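> This is a predicted model, with the sequence first.
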Amino acid sequence: MRLILIIILSSFFLFLHAGGNDFNFLCLFPSPDTIPPPPPGQADQLTGPSTACVGDISEYSVDVPVACDCQWTVNGIIQPETDSPLVVTWTQPGPQPVSVVFVCEGGQISDPQTIPVDVFETPEQPQPISGDEYVCEFTYHTYSTVVGPFDSCEWTVNGVVQPGFSPEITYSFGGAGIYLFSVTAYNPCGTSTSQTLNVTAQGSAPSTPSPVQGPGESCTGETETYTTTVGPGESCSWWIDGVLQSSTTTTLEVAWSEWGDHLIEVRAVSDCGTGNPAFKNVLVLHQPWVFLGNDTVILQGQTLVLDAGNPGSGYLWSTGATTPTLPVSISGTYWVNVSNFCGSDSDTIDVSVFVGIAISFNAAGCFDVNVNQRRINLKNLPPGEITIQVINLSGLTCYDGPPAGDIKVALPGIYLIRLTSPELTCHKKVFIP
């Protein structure tokens, strides 16, 4: 037996010597597959549904590399399951992304794989339809309802499906008659029952009011008058930014309190209903008020952005710029004038740039500074004969002498501390509040 084993081994090594270098030695001694394929992210893609309904049970699967575990998250929440598949019972509507990463032996972590999942509730019946129930022939009107946040709408008028999916519809009426409006809510989980409204169109519509007269620009705090004309026996319905106003005459008084763009709408009203609207846009601004801030100091290399505010106004800076903001990085006196149709205002600011001094010694190892109630205390000073100088931004020397306990300064601000000795000179900047 021993002789046979020696003959076999001798033949094997002769085979290798003769050119069998390509022989896979591991074929003789196979080892278990315990090394994950690099990188683990090369496993098959995550699969599972991208839509679901509240109450559904969904399954998400992925091929897991050898020697790896899964870390699942649903909407960012880590799940206890560490293998595949992950089974989810949906309890909340809305976007619920499902993600998985592989955590493998040796600390390898794969890139995440994600399926965005939209979860829906069975839609409820839309809220009652809002809009005019009596209208004139050949006019257009807007009708609206309220549905769930993830639901779409289907509108029909007299059984004819209308374009669009929003909870609001604008409809152009034809001749006299009764128009049945119906709306249902729907999503991938079903369709609700319908909400309906009967609208009666009768009689000739009043003509569109004449163009609204009145200022197209105004200021907060001012009261303006707007007028129009309608046909005999007709009244008016006024709206501002979609809010019905109390006036039913051809005159509307408005006390403007909010700046911005505003929309005035007026319709003529007769026995049959309301006609088509006339519009007017009004821009309302504030009387300009400008404050650039207190005079200030910045360090060399910093940029201070001056903001004149007052959107919608015109600007003129001391530099010639005409923008609402101005970046500055050099010392100087800067002013701005802001104007609009409500008036003008201006402001000035002094900006000082504190220019640093070249340091001939690493300041971090030179000395330490403590500040307490406008008192400067120096610690960890180098040995030897030392002179301390404290200088403010104006170049005034506040202290010049040897270290002597706390050094008091009179005013807040930025100060330069200079330490000199026969061996070195170093500086530090300190802010005194």
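Ah, there it is. As the structure is a prediction and not an experimental result, all values here were calculated from the model.

> all contacts plus neighbour counts: C-alpha atoms, from now on.
Fine.

> In terms of pLDDT, where does A278 sit?
On the pLDDT scale, A278 is placed at 95.

> need the contact list for F120.
With contacts taken as Cα atoms under 8 Å, 6 or more residues apart in numbering, F120 has the following neighbours: T51, A52, C53, V54, P93, G94, F150, N187, P188, C189.

> Same check on V353?
With contact set as Cα under 8 Å, 6+ apart, V353 has these partners: V297, I298, L299, Q300, S329, I330, S331.

> neighbours around the fourth one, how many?
Meaning Q300. Neighbour count for Q300, taken as other Cα atoms under 10 Å: 14.

> gap between it and T73?
Here Q300 is placed at a distance of 49 Å from T73 (Cα to Cα, to the nearest Å).

> just the third one next, same as before
L299 sits 47 Å away from T73, taking Cα to Cα as the criterion.

> Looking at those two, which one has more neighbours?
Remark: of L299 and T73, T73 carries more neighbours, 19 against 15, as counted by other Cα under 10 Å.

> Can you verify my assumption that that one contacts V100?
Yes - in this structure, T73 sits in contact with V100. The criterion is Cα atoms under 8 Å, and the distance is 6.4 Å.

> before we move on, back to that, can you put the contacts of V353 in CSV and add secondary structure?
As requested, the contacts of V353 are arranged in CSV below (DSSP: H, G, I helix; E, B strand; the rest coil):
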residue, secondary structure
V297, strand
I298, strand
L299, strand
Q300, coil
S329, coil
I330, coil
S331, coil
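
> closest to T274 among the residues you listed?
When the contacts of V353 are ranked by distance to T274 (Cα to Cα), S329 comes first, at 60.9 Å.

> need the strands for the stretch 1-150 of the chain, in chain order.
51-53, 57-60, 68-74, 77-78, 86-89, 94-95, 98-104, 113-115, 118-120, 134-137, 140-144 (DSSP state E, counting those that start in this stretch).

> Ramachandran coordinates for the nearest residue to V338 once chain neighbours are set aside?
Using Cα to Cα, 6 or more residues apart in numbering and skipping residues adjacent in sequence, the residue nearest V338 is Y315, 4.8 Å away. The phi/psi pair for Y315 (degrees, to the nearest 10) reads phi -130, psi 140.

> Give me the pLDDT value at Y315.
According to the model's per-residue confidence, Y315 sits at a pLDDT of 96.

> In this structure it contacts N337, no?
Yes - judged on Cα under 8 Å, Y315 makes contact with N337 at a distance of 5.8 Å.

> ok so, going back, check the burial of the residue nearest to V338 by counting its neighbours.
For Y315, the neighbour count with other Cα under 10 Å is 21.

> who's in contact with L252?
With contacts defined as Cα under 8 Å, 6+ apart, L252 is in contact with T225, Y226, T227, W238.

> quick one: which of the residues you listed is nearest P412?
For the contacts of L252, the closest approach to P412 (Cα to Cα) belongs to T225, at 54.3 Å.

> And the closest one, how far from S50?
According to Cα to Cα, T225 and S50 sit 56 Å apart.

> Looking at the two, which is more packed in?
The residue with more neighbours, out of T225 and S50 and counting by other Cα under 10 Å, is S50; that gives 15 against 12.

> any idea how far that one lies from Y60?
Distance check for S50 against Y60: by Cα to Cα, it reads 10 Å.

> doesn't T142 make contact with I129?
No - under the criterion of Cα under 8 Å, I129 lies out of contact with T142, with a separation of 10.3 Å.

> Could you report the pLDDT at the residue nearest the centre of the chain?
If you average the C-alpha coordinates of the chain and look for the closest C-alpha using Cα atoms, centre = their mean, you land on P95, 18.2 Å from that point. pLDDT for P95: 93.

> got the contact list for it?
Listed by Cα under 8 Å, 6+ apart, the contact partners of P95 are N75, P116, V117, D118, V119.

> Between the residues you listed, which sits nearest Q389?
Of all those, the one with the least separation from Q389 (Cα to Cα) is N75, at 60.8 Å.

> Tell me, how many residues neighbour C426?
The local packing of C426 (other Cα under 10 Å) involves 20 other residues.

> beta partners of K280?
Applying DSSP bridges to K280 gives these bridge partners: I264.

> burial measure for it, as a count.
Residue neighbour count, defined by other Cα under 10 Å, stands at 17 for K280.

> Would you map out the domains in the chain?
For the chain, automatic domain parsing gives the domain ranges 40-120, 134-204, 217-285, 296-354, 363-432.

> How about the contacts made by the residue nearest to P97 when sequence neighbours are not counted?
With sequence-adjacent residues excluded and distances taken as Cα to Cα, 6+ apart, P97 is closest to P116, at 4.3 Å. By Cα under 8 Å, 6+ apart, the contact set of P116 is S50, P95, Q96, P97, V98.

> Name the nearest residue to the last one, sequence neighbours excluded.
Beyond its immediate neighbours in the sequence, the residue positioned closest to V98 (Cα to Cα, 6+ apart) is V74, lying 4.6 Å away.

> Could you check how many residues crowd around that neighbour?
Applying the criterion other Cα under 10 Å, we find 18 residues in the vicinity of V74.

> Any figure for the gap between it and V62?
Going from V74 to V62 by Cα to Cα gives 15 Å.

> Next: E234.
Taking Cα to Cα as the measure, E234 and V62 are separated by 71 Å.

> try Y171
As judged by Cα to Cα, Y171 and V62 stand 50 Å apart.

> more crowded one of those two?
Shown here are Y171 and V62; by other Cα under 10 Å, V62 has more neighbours (18 against 14).

> The stretch 151-300 of the chain: helices as residue ranges?
Assigned helices in the stretch 151-300 of the chain: none (criterion: DSSP state H, counting those that start in this stretch).

> quick one: low-confidence parts of the stretch 251-400 of the chain?
354-365, 394-395 (pLDDT under 70).
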